[in-house]
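1. sequence and predicted structure below; questions after.
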Amino acid sequence: MRVSRFTWDGTAAELLASEIRDLVPPLAEVSADVAAIVADVRGRGDEAVLELTARHDATEAAPESLRVDPAEVTAALASLDHEVREGLGLAARNIRLVAESQLDPAVENLELPEGHSVMGRRVPVRAAGVYAPGGKAAYPSSVLMCCLPARVAGVDRIVVASPPGADGRVNAAVLAACEIAEVAEVYAIGGAQAIAALALGTESVPRVDVVAGPGNRYVQEAKLQLGAEVGIDSIAGPTELVVVFDRDEEIDLVAIDLCAQAEHGDDGLVVAIAPGVELLDRLAARIAELAAQRPSVGDPALALVSAPDARIAVELADALAPEHLELMTADASMMAPFLGSVGCVFVGPQSGAAFGDYVAGSNHVLPTGGAARFAGALGPDTFLRRTTVVHLDSEAAAELAPRLDAVARAEGFPVHGESARARLERKPQ
């Protein structure tokens, strides 16, 4: 082992923690190699994966197929050593029990069959950084959308970074929103440099534990690149709105809603899906008319999609996994519960996405770029981390150690098993 020694006087814990962390090679040292691999797989698919597997994995024979035959998976369990199989089965049962308990708010401390306990605690991060975009517009609403959930979660230190204007000062409406949210620590920094400062810390900006808030492509890329240094909410980039409608009566509402989202700039995406080309032709004409009269409307990509019927249209909307989805169909209330990949759904013609952007109470910091497949809206959970507390007594250790030993040896980690069995030789205190 590589031994390093530290003497600590009890102060500047963050500084010492950073020095200790520096003993481990930073992930950045492999970032270029990983980027090359990702680009190769993106461009060549299976061919690249097979070549890279042969080059980098410890294999003498390339697999016949990337996917393992399901029959081989089934047969593997039957052929497994009995003690290893028992150990894996016990582990699976306990993992499932703990996971199920995490969905039940009434369970705080789970007692397991072997006599040990696993307690899940949700505690707030110590510091949260909020990015409030600037540039063409100011976003005091984003300050509220991010800072208030962090406050509700119990975060002690909340800071806001927002770009300075031409006069070198942060927009007054943004500052006012900070005051409403009881945030006094505000920095006049914008763009990717704001995310870097919050994530890494500088002479003037103490680092935070989570960075949240919307922003342009540079902001989102900075979040991605710093994801190993700081927690992030999601990839909340250029805005997206999909509207599904099936009646002439809704064309004016659909048109104004799409124009409203287009105010966010030219790099967003707005989509309308309807049964029939005629509906879409009339919508396109109405959008052009409204946009020509409203200078604030940008020029984002607009997709007009003719679908066989409203049900198929909703399937496409779910596949797009958009940030916002408006359902203006007769059976919107029935279809909404079946949507699994949408940031926020607005049901019925009265439920415009603009209400969610400002005053409905739902959060407007939502996943974009298809990330709604795996991410959701910002909320208190964004600023909470799960800590698990495990307690075993001597009886539980005696029950679990032999099974652990069998699995650890099968994985090639015999000292793990030795570590567990060492408890059996220790006299109870």
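-> Great, that's in hand. Because the structure is predicted, anything quoted here is derived from the model rather than measured.

2. please make it C-alpha for all contacts and neighbour counts, starting now.
-> Will do.

3. for the stretch 51-200 of the chain, just list every one of the helices.
-> 70-79, 82-101, 140-153, 172-180, 191-200 (DSSP state H, counting those that start in this stretch).

4. of those, which is nearest residue 368?
-> With distances scored as CA to CA, the stretch of the helices of the stretch 51-200 of the chain nearest to residue 368 is helix 140-153 (15.5 Å).

5. show me what that closest one is packed up against.
-> Here helix 140-153 touches strand 127-131, strand 157-162, helix 172-180, going by 3 or more CA pairs under 8 Å, 6 or more residues apart in numbering; DSSP states H and E.

6. can you tell me the SS state at residue 243?
-> strand (DSSP: H, G, I helix; E, B strand; the rest coil).

7. element containing residue 305?
-> strand 301-306 (DSSP states H and E).

8. alpha carbons of that strand, in PDB - could you do that?
-> What follows is strand 301-306, C-alpha atoms only, in PDB (Å, rounded to 0.1, in the frame of the first residue of the first chain):
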ATOM      1  CA  ALA A 301     -37.000  24.200 -34.400                       C
ATOM      2  CA  LEU A 302     -40.700  23.500 -35.000                       C
ATOM      3  CA  ALA A 303     -41.900  20.000 -35.900                       C
ATOM      4  CA  LEU A 304     -45.400  19.500 -37.100                       C
ATOM      5  CA  VAL A 305     -46.300  15.800 -37.000                       C
ATOM      6  CA  SER A 306     -49.400  14.200 -38.500                       C
END
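
9. how close does residue 174 get to residue 204?
-> 20 Å (CA to CA, to the nearest Å).

10. between these two, which one's more packed in?
-> Counting neighbours by other CA atoms under 10 Å for residue 174 and for residue 204 shows that residue 174 has the greater number, 23 against 8.

11. what's near enough to touch that one?
-> 132, 138, 139, 140, 143 (CA atoms under 8 Å, 6 or more residues apart in numbering).

12. using CSV, lay out the helices of the stretch 51-200 of the chain together with distance to residue 347.
-> What follows is the helices of the stretch 51-200 of the chain, written out as CSV (distance: least, CA to CA, whole Å):
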stretch, distance to residue 347
helix 70-79, 42
helix 82-101, 31
helix 140-153, 21
helix 172-180, 29
helix 191-200, 34
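
13. would you list these in CSV and tack on distance to residue 253 and mean pLDDT?
-> Shown next, in CSV, are the helices of the stretch 51-200 of the chain (distance: least, CA to CA, whole Å; pLDDT from 0 to 100):
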stretch, distance to residue 253, mean pLDDT
helix 70-79, 50, 87
helix 82-101, 43, 88
helix 140-153, 23, 94
helix 172-180, 29, 94
helix 191-200, 34, 94
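
14. can you pull out the strands in this protein?
-> 109-111, 117-124, 127-131, 157-162, 185-188, 210-212, 231-232, 240-245, 269-274, 301-306, 324-328, 344-347, 384-391 (DSSP state E).

15. which other helices and strands does the shortest one contact?
-> Spelled out, it's strand 231-232. strand 210-212.

16. re earlier: between the helices and strands packed on helix 140-153, which one is nearest to residue 322?
-> Among the helices and strands packed on helix 140-153, strand 127-131 sits nearest to residue 322 (CA to CA), with 21.7 Å.

17. and the closest one with helix 191-200, angle?
-> In this structure, strand 127-131 runs at an angle of 180 degrees to helix 191-200, with axes from the mean of the first three to the mean of the last three CA atoms, to 10 degrees as the basis.
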